[in-house]
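Novice: what follows is a predicted protein model with its sequence.
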Amino acid sequence: MTPPLVRAAREADVVLAGGTVAPLAHAIAEGLGRPSMGLFLQPLHGTRAFPPPMLAAPSLGPLGNRICGDAVAVAVDHVFTRAARTLAPDHGLPARRLSAARRDRERQGWPVWHGFSELVVPRPRDWRPGLEVCGYWWPHEAGGRLPAELEEFLDAGPAPVYVGLGSATTPDPRRVSAHVVAALRAAGLRGVIQRGWAGLSATGRDDVITIGEVPHSLLFPRMAAVVHHAGAGTTGAALRAGVPCVPVPVQFDAHFWAARLVQLGTAPEAVPLRRLDSATLGSALRRAVTDPSYRDRARHIAGLLAAEDGVARVAASLEALAGR
């Protein structure tokens with residue numbers, strides 16, 4: 001991992017450090033004398049407001065949440081300790097302990113921008129200056145169309161439900177797919193099933209279709225509901241589309257985002273993959289599509305998100321950091 005990061009940083013004016021790899025990226029930038037800032041999709045700094053998102057743990061109380069969050073930061077430093085030790089002998093960069101570098105970053109107010117909305121996760125009051133929540137970073141869109149077969153399916157009946165697990169995997173794709181199809185049919189809903197890394201699929205009757213990768217921004221607004229793995233990006237895309245959802249958290253920060261969707265009122269409940277079956281998912285889907293409160297709330301939040309411009313704030317900060 002380290003050599004490509006060093007090569008990229010040598011050619012850069014500014015180093016943008018993402019998520020959990022930030023400790024190593026910051027050390028490289030510091031060694032090369034490059035300015036840097038963090039770009040995070042999850043709130044990774046410790047806070048009394050909630051436990052570390054990556055642990056999928058319930059609240060431990062304000063003090064417990066903060067202690068646990070700080071402990072995770074130390075653990076992340078440890079993960080990259082071996083890689084950081086190669087900076088001096090292999091790349092001619094100053095050797096430095098990541099734990100010491102982290103303390104300096106926090107003391108100096110190293111800038112970190114978080115790519116989600118305060119409507120979804122309010123900025124914790126106990127965060128230090130420099131940790132900013134700026135709004136979502138939507139991908140650049142230049143038109144585009146859905147595949148013809150998918151368009152035909154959408155036009156052939158009422159709005160279907162999207163089901164996809166994105167980058168999450170499952171040890172038994174066939175079983176999960178069968179539960180999904182049974183849940184859709186029990187709820188009287190059509191389905192658009194995305195293969196994703198989980199390898200989901202459906203065959204047989206014309207009430208479901210299996211698809212590959214398509215832009216969420218084109219597909220989600222046309223759905224009756226969205227069943228997804230509650231990754232940070234897909235959670236944002238579902239909120240932007242203004243449709244109700246049923247989160248199926250699998251790993252890492254997914255349980256955190258799933259809980260936020262339920263608290264926001266855009267999802268009736270979370271259905272973790274470990275307890276997903278046709279009855280549980282079918283019940284959640286019926287609530288999501290028949291109770292108008294979920295769609296009303298989703299549309300309201302989507303309208304508020306449309307007024308935010310997280311990219312502009314980061315771009316302005318980047319230009320200032322680069323000295324332009």
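Specialist: Everything's here; your move.
Novice: let's verify the closest residue to Cys245 other than its chain neighbours: helix, strand, or coil?
Specialist: The shortest distance from Cys245 to any residue other than its chain neighbours is 4.4 Å, reached at Val226 (CB to CB, 6 or more residues apart in numbering). Heads up, the C-betas are built off the backbone N, CA and C, glycines and all. When classified by DSSP: H, G, I helix; E, B strand; the rest coil, Val226 comes out as strand.
Novice: let me see the ranges of the helices in this protein.
Specialist: If DSSP state H is used as the criterion, the helices of the chain fall at 2-10, 22-32, 61-79, 81-85, 87-91, 98-108, 148-155, 173-186, 216-219, 232-241, 254-264, 278-290, 292-306, 310-321.
Novice: number of residues surrounding Glu11?
Specialist: Using other CB atoms under 10 Å as the criterion, Glu11 is surrounded by 6 other residues.
Novice: now it. Its backbone dihedrals?
Specialist: Backbone geometry at Glu11, expressed as degrees, to the nearest 10, gives phi -90, psi 0.
Novice: which pLDDT does the model give it?
Specialist: Glu11 is assigned a predicted lDDT (pLDDT) of 90.
Novice: give the contact list for it.
Specialist: Under the criterion of CB atoms under 8 Å, 6 or more residues apart in numbering, the contact list for Glu11 is empty.
Novice: any idea how far it lies from Glu319?
Specialist: 19 Å (CB to CB, to the nearest Å).
Novice: enumerate the positions of stretch 22-39 that are buried.
Specialist: Taking 16 or more other CB atoms under 10 Å as the neighbour-count basis, stretch 22-39 is seen to contain the buried residues 22-32, 34-39.
Novice: domain map for this protein?
Specialist: As given by automatic domain parsing, the domain ranges for the chain are 2-136+309-321, 148-306.
Novice: His114: which of the helices of the chain is closest?
Specialist: Across the helices of the chain, the minimum distance to His114, taken as CB to CB, is reached by helix 310-321, at 8.8 Å.
Novice: could you export that closest one as PDB, CA atoms only?
Specialist: Once non-C-alpha atoms are left out, helix 310-321 reads as follows in PDB (Å, rounded to 0.1, in the frame of the first residue of the first chain):
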ATOM      1  CA  GLY A 310     -21.100  20.300   0.300                       C
ATOM      2  CA  VAL A 311     -18.700  20.200  -2.600                       C
ATOM      3  CA  ALA A 312     -18.500  24.000  -2.800                       C
ATOM      4  CA  ARG A 313     -17.300  24.300   0.800                       C
ATOM      5  CA  VAL A 314     -14.600  21.700   0.300                       C
ATOM      6  CA  ALA A 315     -13.500  23.300  -2.900                       C
ATOM      7  CA  ALA A 316     -13.100  26.600  -1.200                       C
ATOM      8  CA  SER A 317     -11.100  25.100   1.600                       C
ATOM      9  CA  LEU A 318      -8.900  23.200  -0.900                       C
ATOM     10  CA  GLU A 319      -8.100  26.300  -2.900                       C
ATOM     11  CA  ALA A 320      -7.100  28.100   0.300                       C
ATOM     12  CA  LEU A 321      -4.900  25.200   1.400                       C
END
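Novice: and the contacts of it?
Specialist: Surrounding helix 310-321, the residues in contact under the criterion CB under 8 Å, 6+ apart are 14, 16, 35, 37, 39, 111, 113, 115, 117, 132, 134-138.
Novice: ok, now stretch 132-147?
Specialist: 43, 111-118, 121-123, 151, 154, 211, 214-215, 217-219, 236, 240, 305, 308-311, 313-314.
Novice: rewinding a little: can you turn the buried part of the contacts of helix 310-321 into a PyMOL selection?
Specialist: Paste this into PyMOL to select the buried members of these, with burial taken from 16+ other CB under 10 Å:
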select buried, resi 14+16+35+37+39+111+113+115+117+132+134+135+136+137+138
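Novice: Gly69: what's its closest spatial neighbour, skipping adjacent residues?
Specialist: Nearest in space to Gly69, with sequence neighbours left out and distances taken as CB to CB, 6+ apart, is Gly46 at 2.6 Å.
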